[in-house]
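Trainee: Provided below are the primary sequence and the corresponding predicted coordinates.
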Amino acid sequence: MSETNPAAAEVAAPHRYTAAVAAEIEARWQDVWDADGTYAAPNPKGDLAGDPGLVAKPKKYVMDMFPYPSGAGLHVGHPLGYIATDVFARFQRMTGHNVLHTLGFDAFGLPAEQHAVQTGEHPRVTTEAAINNMKSQLRRLGLGHDKRRSFATIDPEYYKWTQWIFVQIFNSWYDDEAKKARPISELVARFESGERAVPGGRSWDALSAAERADILGEYRLAYASDAPVNWCPGLGTVLANEEVTADGRSERGNFPVFKAKLRQWNMRITAYADRLLDDLNELDWPEAIKLQQRNWIGRSEGARVDFPIDGEAITVFTTRQDTLFGATYMVLAPEHPLVEKFTPAAWPEGTHDVWTGGHATPGEAVAAYRAQAASKSDVERQAEAKDKTGVFTGAFATNPVNGEQIPVFIADYVLMGYGTGAIMAVPAHDTRDFAFARAFELPIRCVVEPSDDRGTDASTWDDAFASYDAKIVNSHGEDVSLDGLGVVDAKARITEWLQRKGIGEGTVNFRLRDWLFSRQRYWGEPFPIVYDEDGIAHSLPESMLPLELPEVEDYSPRTFDPDDADTSPETPLSRNQDWVDVTLDLGDGRGPRPYRRETNTMPNWAGSCWYELRYLDPHNSEKLVDPEIEQYWMGPRAGQPHGGVDLYVGGAEHAVLHLLYARFWSKVLYDLGHISSPEPFHKLYNQGMIQAFVYRDSRGFPVPAAEIEERDGAFFHNGEQVKRELGKMGKSLKNAVTPETICEEYGADTLRLYEMAMGPLDVSRPWDTRAVVGQYRLLQRLWRNVVDEATGEVTVVDAEPDETTLRALHKAIDGVRQDLEGLRFNTAIAKVTELNNHLTKAGAAVSRPVAESLVLLIAPLAPHIAEELWRKLGHTDSVVHQDFPVADPRYVVDETVTCVVQVKGKVKARLEVSPAISDDELEKVALADEKVVAALDGAGIRKVIVRAPKLVNIVPA
Ligand code: ANZ
C-alpha cells in the first residue's frame with residue numbers, strides 16, 4: 001500500500017483518519033458543542049446562572065487579549081495565544097474547575113475609520129463584516145468559548161458602560177489622606193461645611209458656578225485642561241505620549257508632533273502612581289513587564305529645595321541633594337512661568353559673550369530661545385548626546401547652603417513637565433550639566449570624591465563623576481557639613497537640615513504623566529459630557545446612556561500641513577449640528593436647558609480598560625457587573641490578594657499602555673465600591689511570535705512564499721534564485737498562511753497540535769508548513785490504536801494492560817498533567833507522542849483503560865478527535881467535562897535505584913530501593929542489611945547520615 005497515493009490508501013483503509021475525516025468530525029462536533037452549550041460557564045446568579053453544582057467548584061478565569069477585527073482576517077500566527085489558552089482552559093475544566101473562557105473584539109480603531117474616510121462607508125459596516133469573518137475563522141479552530149459572553153467594544157450596550165465608567169471617574173477625586181478615590185460630592189460637602197479650606201481662601205457659597213467648576217476641575221480624576229499636548233497636524237489629532245516615537249514623530253504615519261496648548265480631557269492616573277507601583281509586587285507577571293511598568297511610572301526619591309531670588313524662590317527637584325555644595329548654576333525649562341519675572345531689562349555688567357547667545361538684551365535672548373525650544377519634542381530635548389544649548393536669563397539666585405550667587409539659565413534639556421521644571425546644576429556629577437558647563441564655561445566643582453584616579457580637580461576631568469558609591473568632599477557651610485559622609489547619609493543629613501530651615505523637604509517624584517484621553521476622531525466612544533451656556537462641563541445621567549455616535553457626512557479628521565504647528569484640530573463629530581446642540585433636562589433640578597455636546601471621542605484604549613469585567617455579566621442592563629458575580633470570578637482569594645483573572649495571555653508589546661490603563665480603571669472602580677478586585681489580571685503570560693520565512697528577489701521585493709521551490713538548499717521563484725530570511729508573517733511580505741489552508745489540508749486538530757508543539761509558548765518560532773504533517777501522523781497513529789482502518793470497528797480489548805504499558809501510561813499522565821498546568825504544551829505533546837508510539841510498537845490491541853486515558857490526555861490539545869474517539873469507545877457524554885486522568889504513583893517512579901551504604905566511609909553494601917523511600921525507612925533497611933550488620937560487628941552506632949534514596953553513611957561508636 002502506497003502512502004503517496006491517497007486514493008489507493010483509502011480503498012485499502014476506508015476508515016483511516018484523513019483530512020476529509022477530520023473535516024467531517026470537526027464540523028459535526030462544533031455544531032454539537034454549540035447546540036449543547038458545552039462551554040457555557042455558569043454564573044452564581046443573573047441571566048447566565050446555571051448549575052449550582054458547577055458554581056460550587058473552584059473557578060478559573062482564562063482570558064486572551066482580545067483582537068482588533070482586521071479586514072485582512074487571521075493568519076496562522078494570530079491564534080497561537082488563543083489555542084494556548086484554550087488548551088489550558090480545557091485542562092482546567094477536566095480538573096474540577098468552573099472555567100470562564102470567551103473572546104470579544106476590540107473594535108473601535110483607525111483602520112475601519114480610514115476605510116470610511118476613503119469610501120464613505122460607515123466604519124460599523126466594515127467592522128462588523130470583519131468580526132463575522134474572524135468569528136468563523138476562530139470557530140473552525142474548535143476554541144471552547146462561552147459565546148454567550150462575547151461582545152464587541154462598539155456595541156452600544158457595551159460602550160454604554162464605558163461611558164458610565166467615564167462618568168464615575170469624572171465625578172470623583174483622589175483623597176490623598178485616605179489614599180483612594182471618592183465621589184466628588186463628598187469634596188463639595190467638605191468645601192461647603194468649611195471642613196476643608198477652599199483653594200483661594202474664599203467661601204464656597206461666595207463662588208460662581210464657573211469658579212466652582214474650575215476648582216473641582218483641579219480635583220476630578222477626569223478633567224479638561226489646557227496643558228501642552230502632542231499635536232500632530234498631519235494626522236489631525238492629538239496623541240498620547242505613548243503614541244509618539246523616540247524622535248518626536250507620530251508612531252502611526254511618521255508625521256511631526258508639536259507641543260501645543262489645547263483644551264483636552266485627561267485622566268489623573270498620576271494620583272495612583274504609588275499604588276500602581278506597590279501592587280505590582282503581588283502580581284504573577286513576567287519580571288520584564290513589571291520592570292517596564294516600574295520604569296514607566298518612574299518613582300524618584302529626592303528633595304525640593306528653594307533657591308532665593310529677589311525675595312522669592314525658585315524651587316528645584318533633585319535626587320542628589322547631597323551635591324548641593326557643587327551646584328554652580330541653575331536651569332529653568334524655557335516655558336517656566338517665573339522666567340519673565342526674573343529676567344532683567346539689561347545684561348548685568350561683564351556678562352560673558354557665550355551666555356547671551358549674541359542677543360542685545362536678556363528679554364530678546366529668552367524670546368528667541370523659547371521659540372526654538374517649542375519646535376522640539378521632549379525626547380529630542382532630553383537626548384544625552386545632543387550638544388547642550390541655552391541662554392542666560394540675566395538673573396542670579398542664591399545657593400542656600402553657602403550663600404553663593406549662581407547664574408540662572410534657560411535650557412531645553414530641562415523639561416517643564418517633570419519635577420518643578422527647574423534644576424540646580426551640578427556639573428561635576430551630572431553628565432548633562434557637565435556638557436552644558438563646558439559649553440558655557442561655567443565652574444565645575446567636585447563634591448563627591450571620585451573612586452577612580454582622576455583626582456578632585458574637576459576642571460581637568462573629561463566627564464562627570466556620576467557614581468553614588470563614594471564620599472562627600474568640599475561640602476561645609478556655616479551650620480552644616482557633609483564632608484566624609486557617604487551619599488545616603490549625606491542625603492539624609494542635608495534633607496533634615498533643609499526641612500529644619502524651612503527651605504526644602506524630602507519628596508517623591510514620578511515620571512508618569514496624566515493620561516491624555518481625547519481624540520479628534522469619529523470611530524470611538526462619544527464622551528458622555530455636555531457644556532452649558534457658561535461652558536461648564538456636566539456629565540450625562542445614566543438614563544441618557546449610551547450616547548450613540550451620530551451619523552456624519554464626512555468621517556475624516558481635518559488634517560493640516562504636517563509642519564504647521566499653528567493649527568488646531570477640528571473634530572468629525574462637530575460637523576453634525578443637530579447632535580451637538582441639544583436641549584436636555586439632566587435631572588439636576590435645573591430643568592431643560594440648552595447644551596453643547598463634547599465632540600471629541602475616547603482613545604482606542606478605553607474599551608479594553610474593563611472588558612474582563614463585562615465578560616462576567618454581559619447582558620446586565622442595570623449594572624456594569626453584578627457584585628456577587630464579580631466577586632465569584634474576580635474577587636481576592638488565597639494567593640491572589642488583589643483578585644483578578646487567573647491567566648491572561650497576550651503579546652509583550654502591551655507592557656505599559658493597555659496594562660497600565662486597565663489597572664488604573666480597576667483601582668478607581670474598586671475605590672468607588674463597584675468591584676472587589678483592585679487588580680484586573682493576576683497572572684500574565686506573554687506568548688512568543690510565529691515568524692515566517694520571507695523570500696526576496698534580486699531587487700529586494702518579497703515574492704509569494706507559497707510559490708517557492710527548494711533545490712539543494714537554495715530557493716527559486718519562477719526559476720530565479722531568491723534570498724530567504726526570517727520575518728513577520730503578513731500580507732505585505734507575501735508569506736501569510738491562513739488557518740483555513742492548514743485546516744483543509746490536515747484538520748484543525750493537527751493545526752492546534754502543530755502550533756503548540758513548535759516550541760515553548762513564550763519563545764518566537766518560525767512557521768514551517770512542511771513540518772505540520774508530523775502532527776497529522778501522530779493523530780493518524782492515535783486513531784489506528786483505537787479504530788480498525790479497514791472496518792471502522794473499535795479494536796480495544798478489555799484485557800489488563802501489561803506492566804510496561806502501565807508504567808508508560810502513568811508516567812505520561814503524570815508528566816502531561818504537570819506540563820499542561822505549567823503551560824508547557826510542547827513537552828506535553830512529546831509525552832503523549834511517546835505513549836502513543838509505545839502502544840503502536842507493542843503491536844497488540846490496546847487495552848480499554850489505556851485507550852481511554854490516552855484519549856483524555858490529548859483531549860485539551862486535539863478536542864475533536866478526542867470527542868469522536870470517546871464516543872466510539874462507547875461514551876454518550878462529552879469528553880470536555882470528563883476528569884483528567886490521575887497517575888498512580890506506584891507506576892510513576894522508576895522501579896528501583898541503587899543505594900550505597902558506607903560504614904566508616906567505606907562502601908559495605910549496595911541496596912536496590914524505591915526512589916520514593918523515606919530517610920527513616922532507608923535507615924532501617926540499611927541497618928538491617930546482613931553485610932552492614934557484619935561490618936559493624938556488634939559496635940554501637942554514633943551517627944547515621946541518610947540521603948535518601950542514594951546514600952547511607954554509618955559512623956560506629
Ligand atoms: C542635581 C543633580 C546632581 C541631579 C547630580 C542629578 C545628578 P530622575 O532620577 O530621573 O528623577 N531634573 C529634575 N527635574 C528635571 C527636569 N524638569 N528636566 C530635566 N532634568 C530634571 O532625575 C532627577 C534628576 O534629574 C534631578 O537631580 C535633576 O538633576 C534632574 F549629580 O539635581 B539632579
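Mentor: All right, it came through fine. Every value quoted in this text rests on a predicted model; they were computed, and no experiment measured them.

Trainee: From now on I want contacts and neighbour counts done on CA atoms only, so please keep to that.
Mentor: Will do.

Trainee: next structured bit after the strand ranked longest in the chain?
Mentor: Ordering each strand of the chain by length in residues (DSSP state E) puts strand 299-309 first. Counting by DSSP states H and E, the element after strand 299-309 in chain order, helix or strand, is strand 312-318.

Trainee: what angle sits between that following strand and strand 299-309?
Mentor: Using axes from the mean of the first three to the mean of the last three Cα atoms, to 10 degrees, the inter-axis angle of strand 312-318 relative to strand 299-309 is 160 degrees.

Trainee: buried residues in strand 312-318?
Mentor: By neighbour count, and taking 16 or more other Cα atoms under 10 Å as the criterion, the buried residues in strand 312-318 are 314-318.

Trainee: Can you name the element that comes right after it?
Mentor: As assigned by DSSP H and E, the chain's next helix or strand after strand 312-318 is strand 329-332.

Trainee: Can you confirm whether that next one lies near the ligand?
Mentor: No - Strand 329-332 lies out of reach of the ligand by Cα under 6 Å from any ligand atom, never closer than 8.0 Å.

Trainee: Could you list every helix and strand in contact with that strand?
Mentor: Strand 329-332 makes packing contacts with strand 405-410, strand 422-425 when contacts are defined by 3 or more Cα pairs under 8 Å, 6 or more residues apart in numbering; DSSP states H and E.

Trainee: Which stretch among these is buried most, on average?
Mentor: Of all these, strand 422-425 carries the top mean neighbour count, a mean of 26, counting by mean count of other Cα atoms under 10 Å.

Trainee: Dump it to PDB, keeping only the CA atoms.
Mentor: What follows is strand 422-425 as a C-alpha-only set of coordinates in PDB (Å, rounded to 0.1, in the frame of the first residue of the first chain):
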ATOM      1  CA  ALA A 422      13.800  73.800  37.400                       C
ATOM      2  CA  ILE A 423      17.100  72.300  38.400                       C
ATOM      3  CA  MET A 424      20.200  73.100  40.300                       C
ATOM      4  CA  ALA A 425      23.000  72.100  38.100                       C
END
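
Trainee: Keep only the buried residues of strand 312-318 that also lie close to the ligand.
Mentor: Contacts with the ligand within the buried residues of strand 312-318, as defined by Cα under 6 Å from any ligand atom: 317-318.

Trainee: okay, the buried residues of strand 312-318 in a markdown table with pLDDT and distance to F342 next?
Mentor: Formatted as a markdown table, the entries for the buried residues of strand 312-318 read as follows, by pLDDT from 0 to 100; distance: Cα to Cα, whole Å:
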| residue | pLDDT | distance to F342 |
| --- | --- | --- |
| I314 | 97 | 10 |
| T315 | 98 | 14 |
| V316 | 98 | 16 |
| F317 | 97 | 19 |
| T318 | 97 | 22 |
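
Trainee: Now the buried residues of strand 312-318 in CSV, please, with extra columns for distance to S475.
Mentor: As requested, the buried residues of strand 312-318 are arranged in CSV below (distance: Cα to Cα, whole Å):
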residue, distance to S475
I314, 22
T315, 21
V316, 19
F317, 19
T318, 17
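
Trainee: Among the buried residues of strand 312-318, which one sits closest to the ligand?
Mentor: Distances from those to the ligand were compared by Cα to the nearest ligand atom; the smallest belongs to T318, at 3.5 Å.

Trainee: who in the stretch 301-450 of the chain is up against the ligand?
Mentor: Contact residues (Cα under 6 Å from any ligand atom) of the stretch 301-450 of the chain with the ligand: 317-320, 323, 413-416, 418-426, 429-430.
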